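Visitor: Dropping a prediction and its sequence here:
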Amino acid sequence: MTAPLRGKHYLPEIHDLYPGMAGKLDALIAAFPQAARPHIAYSVVPNWMGADPLDGAPDFVARLQALPGYLVLHGLTHTKGPDLWNWLAYGHENRSEFAGLTDVETAEKLDQGLAVFAAAGLARPSWFCAPRWTPSRGLNTALFERGFKGVLARAGLDLPDQHIAMQPLNFDEGARAWKIAPGRVLRKAQIARLCAQKDPFRLVLHPDDLDHPKTFAQFRRAAAQLERTGWTPMPLDAFVP
């Protein structure tokens with residue numbers, strides 16, 4: 001088995017692409033260093049919250065088709081519905097769409113997501129990312145049965161015969177101010193640790209990060225630090241042996 005890529009490399013990612021966030025897309029892309037922009041992995045939600053389907057937004061789909069990098073299937077709707085604990089902790093519904101699903105439910109969601117991609121005219125994706133990085137028990141099996149190349153998982157890249165450790169550097173803490181501010185403090189130490197270890201990791205941005213100026217500024221500083229200290233952005237397939 002070939003060893004995975006090591007050293008000072010990172011994978012740029014933007015999550016939660018759907019028609020309603022189209023106005024933020026340019027700013028999200030511009031937040032990454034110029035060298036990273038052709039290599040971004042875009043996690044696309046086929047029907048955001050069950051109310052914003054790709055196949056009803058041809059202009060947005062055309063924009064997706066013109067992007068360099070990778071389009072990653074990101075669940076079906078990105079929601080399990082209203083939930084009191086999630087509302088208290090994050091300020092919104094439970095977005096761990098695949099958590100606790102049966103194998104049958106998992107297969108149905110995957111097939112529906114692929115069907116929306118196809119109906120919108122998008123090429124069949126070869127990578128998957130579970131909403132909130134929370135899989136169902138049978139998710140990977142179902143994905144690989146459907147010919148997916150790999151999974152952007154919480155701790156790294158899952159392949160049919162291998163796991164590649166690649167921690168995500170994530171800036172999304174939800175919408176609760178009491179959680180967002182401490183998150184920035186903890187993330188400062190995480191950024192320092194990831195940069196010091198000199199192993200590949202994933203730099204992840206969400207549309208809602210733009211709504212929190214101090215968090216977005218932290219992302220911009222981290223991206224600039226990577227560029228200044230010799231980290232190289234790489235495309236998704238470069239990390240796969």
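Guide: Received, thanks. Numbering: from 1, shown residues only.
Visitor: Could you tell me the average pLDDT over the lengthiest helix in the chain, please?
Guide: Using DSSP state H to define each element, the chain has its longest helix at helix 177-197. Here helix 177-197 scores 93 as its mean pLDDT.
Visitor: residues in contact with it?
Guide: 89-90, 167, 169, 171, 173-174, 201, 212, 214-215, 218, 222, 225-226, 229, 231 (CB atoms under 8 Å, 6 or more residues apart in numbering). All C-beta atoms are positioned from the backbone trio N, CA, C, and that covers glycine.
Visitor: cool, stretch 58-66 as well?
Guide: Stretch 58-66 has contacts (CB under 8 Å, 6+ apart) with 17-19, 22, 25, 42, 44, 54-55, 71, 120-122.
Visitor: I'd like to know which of the residues you listed are buried.
Guide: Buried members of these, scored by 16 or more other CB atoms under 10 Å, are Leu17, Tyr18, Pro19, Leu25, Tyr42, Val44, Leu54, Asp55, Leu71, Ala120, Leu122.
Visitor: now the residues you listed in JSON lines, with distance to Gly147 and pLDDT?
Guide: Converted to JSON lines, the buried ones among the contacts of stretch 58-66 look like this (distance: CB to CB, whole Å; pLDDT from 0 to 100):
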{"residue": "Leu17", "distance to Gly147": "22", "pLDDT": "98"}
{"residue": "Tyr18", "distance to Gly147": "24", "pLDDT": "98"}
{"residue": "Pro19", "distance to Gly147": "27", "pLDDT": "98"}
{"residue": "Leu25", "distance to Gly147": "28", "pLDDT": "98"}
{"residue": "Tyr42", "distance to Gly147": "20", "pLDDT": "98"}
{"residue": "Val44", "distance to Gly147": "18", "pLDDT": "98"}
{"residue": "Leu54", "distance to Gly147": "20", "pLDDT": "98"}
{"residue": "Asp55", "distance to Gly147": "22", "pLDDT": "97"}
{"residue": "Leu71", "distance to Gly147": "15", "pLDDT": "98"}
{"residue": "Ala120", "distance to Gly147": "19", "pLDDT": "98"}
{"residue": "Leu122", "distance to Gly147": "16", "pLDDT": "98"}
